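1. requesting a structural model of the entry that follows:
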Amino acid sequence: MSKKIILLAGPTASGKSKLAIHLAKKLNGEIINADSMQIYKEFTILSSRPNKSELKKVKHHLYGLISVKKYFSAGDWLKEAKKKIKLCLKNKKLPIIVGGTGLYFNTITKGISKIPDIDSKTRTKVRNLFKKLGYKKFYEKLLILDPKVKNKILPSDSQRSQRAYEVKLKTNKSLFDWIANTESDFLNYDIKKIFLNTPREELLAKIYNRTEQMFKQNCVAEVKKFNAFKLKKIFSAHKLIGVQEITKYLDKNLTLDQCKELINIKTRQYAKRQNTWARGHMKNWNKLYSKNFSILIKKSLKAVS
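-> The predicted structure is shown next:
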């Protein structure tokens with residue numbers, strides 16, 4: 001079997017998991033998670049992890065992998081993903097990597113820089129500065145610290161801005177100097193790339209329906225359990241959409257309807273960012289869509305053949 005990998009990306013709620021399962025069944029594949037929130041054990045509902053019946057249909061890897069109490073970087077994900085890719089190929093299974101975290105896909109297609117670990121003290125310092133200044137003033141300060149960031153990171157891309165700041169602060173070397181020396185570990189692999197290009201109106205309807213479904217499945221209980229850990233804001237699980245909103249609802253600062261509406265708004269904004277990322281970083285990917293699921297499967301099978 002040739003060393004082939006399928007990458008399946010798309011905005012949140014676009015139906016990636018469903019398509020991945022059908023492709024895996026048709027192509028003798030196994031699914032590897034590339035969603036930075038679905039790696040957490042404690043969030044099944046709020047992260048929209050595949051449900052029990054979906055998990056039974058084909059083998060899934062790297063879902064519910066770690067606790068919310070642990071720090072997990074894109075480099076950590078790549079390390080685990082490489083192991084699973086090798087295991088799939090060894091067992092003559094096709095690895096199908098599925099998710100919405102663009103950075104994870106970049107580690108496969110472009111590689112990852114060997115940036116030293118950033119200690120929690122530096123990370124907290126940068127996060128606190130960002131909170132104090134807001135993204136615009138923080139970005140201005142970042143440009144003074146690291147001018148190479150200009151035109152490479154948008155002021156609104158708060159995650160990458162903070163990453164660039166902490167890297168320069170800790171290593172005295174620009175993030176882009178580190179990135180320049182990277183190379184993919186998968187250069188000799190046949191990588192097939194699909195991005196689900198779901199139209200906006202359809203995506204909005206799916207987001208709304210999924211939020212309703214999450215509350216029916218008791219996502220509120222998940223947030224209660226998470227809040228009981230009293231984790232510092234530095235932990236990435238705090239960024240999961242719904243955590244802050246449901247916490248405000250539990251604290252009686254929001255009604256249930258307001259809470260749901262805020263989650264829908266944040267999810268729509270996130271989907272928009274994912275589509276923007278795809279336009280910038282996934283130019284050579286197959287952008288696919290069909291309202292008819294059978295046709296979408298056919299298009300996908302043709303794209304990966």
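2. now name the helix or strand holding the spatially closest residue to K93 that is not a sequence neighbour.
-> Among residues not flanking K93 along the chain, E30 sits closest, at 4.6 Å (CB to CB, 6 or more residues apart in numbering). All C-beta atoms are positioned from the backbone trio N, CA, C, and that covers glycine. Element membership of E30, judged by DSSP states H and E, is strand 29-33.
3. tell me the average confidence for the helix or strand following that strand?
-> Once the chain leaves strand 29-33, the next helix or strand it forms, by DSSP H and E, is helix 52-57. The pLDDT scores in helix 52-57 average 94.
4. now stretch 243-254
-> Looking at stretch 243-254 alone, the average pLDDT works out to 98.
5. for that stretch, buried residues please.
-> Neighbour counts using 16 or more other CB atoms under 10 Å place 243-247, 249, 254 of stretch 243-254 among the buried residues.
6. which one of these is nearest Y135?
-> Closest approach to Y135 among the buried residues of stretch 243-254 (CB to CB): Q244, at 16.8 Å.
7. wait, doesn't that closest one sit right on H238?
-> Yes - the pair Q244 and H238 passes the contact test of CB atoms under 8 Å, sitting 7.4 Å apart.
8. each with direction, which strands does the strand holding E30 pair with?
-> Strands flanking strand 29-33 in the sheet, each with its direction: strand 60-61 (parallel), strand 94-99 (parallel) (DSSP bridges).
9. TSV please, covering the ones you listed and showing distance to S47 and mean pLDDT.
-> As requested, the strands paired with strand 29-33 are exported to TSV (distance: least, CB to CB, whole Å; pLDDT from 0 to 100):
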stretch	distance to S47	mean pLDDT
strand 60-61	13	98
strand 94-99	11	98
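10. give me whichever of these is most buried.
-> With neighbours defined as mean count of other CB atoms under 10 Å, those peak in mean count at strand 94-99, which reaches a mean of 24.
11. list of residues touching that one?
-> Contact with strand 94-99 is made by 1, 4-9, 16-17, 20, 23-24, 27-36, 38, 81, 84-85, 88-89, 104-105, 108, as judged by CB atoms under 8 Å, 6 or more residues apart in numbering.
12. please name the nearest non-neighbouring residue to K84.
-> Across the structure, with CB to CB, 6+ apart as the measure, the residue nearest K84 apart from its sequence neighbours is H61 (4.4 Å).
13. could you tell me how many residues sit around S158?
-> For S158, the count of nearby residues is 15 (other CB atoms under 10 Å).
14. give the contact list for it.
-> With the criterion set at CB under 8 Å, 6+ apart, S158 makes contact with 130, 135, 138.
15. out of these, which comes closest to G100?
-> Lowest distance from G100 to the contacts of S158 (CB to CB) belongs to Y135, with 21.7 Å.
16. do you know how far the closest one is from T247?
-> As for Y135, its distance to T247 is 22 Å (criterion: CB to CB, to the nearest Å).
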